[in-house]
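Novice: 3D model of this:
(one chain, ligands or ions: 2)
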Amino acid sequence: MSEKRTEISELGEFGLIDHLNSTVLIKNSGTVKGIGDDAAVIEAGDHVKVVTTDLLLEGVHFDLSYAPLTHVGFKAVAVNISDVAAMNAIPKQITVSIALSNRFSVEAVDALYEGINAACEHYGVDLVGGDTTASRGGLVISITAIGEARKEQLSYRSGAKVNDILCVTGDLGAALVGLQILEREKQVYLSNPDMKPDLEKYTVVTGRQLKPDARMDIIHEMRELGVVPTSMLDISDGLASEIFHICKASGVGATIYEDKLPIDKQTFDTAVELNLDPITCVLNGGEDYELLFTIDQKDFAKLEKHPDIHFIGHITKAEEGKYLVTKSGTAVQLKAQGWKHF
Ligand code: ADP
Ligand code: MG
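Specialist: Numbers count the residues shown, from 1 in each chain. Ligands and ions are numbered 1, 2, ... in the order given. Below is the predicted model:
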């Protein structure tokens, strides 16, 4: 009899994580939250620590034919800081582990660390350790970030309540559109190396793909205003997919409005140029690293005038489902296509 073999693609990334989670038993009372949120939460005296880790592989998460190593270093830190922000915590330390093939020189590693150190400066975190090893193929970077908060300041994915307001920071879809431009110009260059890629008019979208900024600014501002989001996560896999995460974890539904979705003009124009539907880019584009959160209605007045926070909809009962109301007023069911790695 042959052994059973299940393809990972049958489960998908999230199904696989759920499957692994079902094999894990938590033993320590200090483990406040394990697998399942943007970061784990660990008791630490009068406050809690949050811990999150991300793995970036050359050829899967970044392409060194157009991504400068300095940007790769900055982004590797930023995507971890974004998960700390998503817990409403303040990042304090990171560790950095790298695997290098002999294609990389000391100068190349210096360029990578120039970006890592710039990000540490930007987010006010200390690099406190890591690991270095050889790789058979390309560059691998794994970063772990540690942050701090008081327990009552934390925002989990599971806290959204009916009638809470759904908010997003910044604008969406830019990183996906930027990636499409970089890939297009790479193909043009590969077929004709004499052609110089003309990226001048795309700097907003390519910049968002190559060097995203975690929204710690918003976390600090909400602290000053005394707002604790009832739920929060960062948008790494696309808005629709993240709304599904909040709805699943909180046991609620959601309605969002197309005319409230924030999109930058360059993202919109470039999407059209690429024959992509701009709203699809906003809903399903990955890697924006903006924040999606819910607030209690009583906090609306405190954030109402904020130029970079957009109120895109509200939380409903689970049985009401997840809907996008289009500009013409039709309610269409949201689909979580997201960013598929498998
Ligand atoms: P994010 O997009 O915010 O980084 P992920 O979707 O990568 O979150 O992960 C969701 C949750 O699953 C997190 O709590 C993460 O720590 C956990 N997780 C992901 N991969 C694994 C794994 N291989 N083993 C255990 N936990 C994992
Ligand atoms: Mg996250």
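Novice: From now on I want contacts and neighbour counts done on CA atoms only, so please keep to that.
Specialist: Will do.
Novice: helix or strand for Val60, which one?
Specialist: Using DSSP states H and E, Val60 is not contained in any helix or strand.
Novice: if I pick the residue positioned nearest the centre of the chain, what's in contact with it?
Specialist: With the centre of the chain defined as its mean C-alpha position, the nearest residue by CA atoms, centre = their mean is Ser236, 2.6 Å away. With contact set as CA atoms under 8 Å, 6 or more residues apart in numbering, Ser236 has these partners: Gly286, Glu287, Asp288, Tyr289, Glu290.
Novice: these two touch, right, the fourth one and Pro212?
Specialist: Same thing as Tyr289. Yes. Applying CA atoms under 8 Å as the test, Tyr289 and Pro212 come out as touching, 6.9 Å apart.
Novice: Let's verify whichever residue of the stretch 101-250 of the chain sits closest to ligand 1: helix, strand, or coil?
Specialist: Of all residues in the stretch 101-250 of the chain, Ser236 sits closest to ligand 1, at 5.7 Å by CA to the nearest ligand atom. The local conformation at Ser236, judged by DSSP: H, G, I helix; E, B strand; the rest coil, is coil.
Novice: Please apply the same query to the one 10 residues further on.
Specialist: For Ile246, the secondary structure call by three-state DSSP comes out as helix.
Novice: Check the burial of it by counting its neighbours.
Specialist: Other residues lying near Ile246 total 26 when counted by other CA atoms under 10 Å.
Novice: tell me the contacts of it?
Specialist: Taking CA under 8 Å, 6+ apart as the contact definition, Ile246 lies against Arg157, Ser158, Ala160, Ser231, Met232, Leu233, Val252.
Novice: check these against ligand 2, which are close?
Specialist: With CA under 5 Å from the ion as the criterion, the subset of these in contact with ligand 2 is empty.
Novice: sorry, back to before: is it possible to get a markdown table of the contacts of Ser236 that adds neighbour count?
Specialist: Formatted as a markdown table, the entries for the contacts of Ser236 read as follows, by neighbours: other CA atoms under 10 Å:
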| residue | neighbour count |
| --- | --- |
| Gly286 | 25 |
| Glu287 | 23 |
| Asp288 | 26 |
| Tyr289 | 30 |
| Glu290 | 26 |
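Novice: Just to be sure, which of those residues are found in strands?
Specialist: Among the contacts of Ser236, none falls in strands (DSSP state E).
Novice: Could you say which helix or strand holds the residue in the stretch 51-200 of the chain that ligand 1 sits nearest to?
Specialist: Using CA to the nearest ligand atom, Asp83 is the residue of the stretch 51-200 of the chain that sits closest to ligand 1, at 5.6 Å. Applying DSSP H and E as the criterion places Asp83 in helix 69-85.
Novice: I'd like the distance from that helix to the chain centre, please.
Specialist: Relative to its chain's centre, helix 69-85 lies at 10 Å (CA atoms, centre = their mean, to the nearest Å).
Novice: Show me what that helix is packed up against.
Specialist: strand 47-57, strand 90-100, helix 106-123, strand 140-149, helix 203-210, helix 216-225, strand 231-234 (3 or more CA pairs under 8 Å, 6 or more residues apart in numbering; DSSP states H and E).
Novice: from the chain's centre, how far out does the helix or strand hosting Leu11 sit?
Specialist: Element membership of Leu11, judged by DSSP H and E, is helix 8-21. Its chain's average C-alpha position is 19 Å from that of helix 8-21, according to CA atoms, centre = their mean.
Novice: what about it and ligand 2, touching?
Specialist: No. Helix 8-21 stays clear of ligand 2 (CA under 5 Å from the ion), getting no nearer than 12.4 Å.
Novice: Flag every buried residue along that helix.
Specialist: With burial defined by 16 or more other CA atoms under 10 Å, not one residue of helix 8-21 is counted as buried.
Novice: That one: what's the following helix or strand?
Specialist: Toward the C-terminal end, the helix or strand that comes next after helix 8-21 (DSSP H and E) is strand 31-33.
Novice: For the closest residue to the residue of the stretch 101-250 of the chain closest to ligand 1 other than its chain neighbours, report the pLDDT, please.
Specialist: Setting aside the residues directly before and after it, Ser236 is nearest to Glu287 in space (CA to CA, 6 or more residues apart in numbering), at 4.4 Å. Model confidence at Glu287, given as pLDDT, is 95.
Novice: With Glu258 instead?
Specialist: According to the prediction, Glu258 has pLDDT 97.
Novice: Pull the number of nearby residues for it.
Specialist: Counted by other CA under 10 Å, the residues lying close to Glu258 total 19.
Novice: and what of Gln333?
Specialist: Gln333: 12 neighbours (other CA under 10 Å).
Novice: picking up where we left off before, find residues that contact each of Tyr289 and Pro212.
Specialist: Common contacts of Tyr289 and Pro212 (CA under 8 Å, 6+ apart): Val79.
Novice: Can you verify my assumption that Leu334 contacts Lys322?
Specialist: Yes. The pair Leu334 and Lys322 qualifies as a contact (CA under 8 Å) at a distance of 5.6 Å.
Novice: between these two, which one's more packed in?
Specialist: When Leu334 is set against Lys322 and neighbours are counted by other CA under 10 Å, the residue ahead is Lys322, at 23 against 19.
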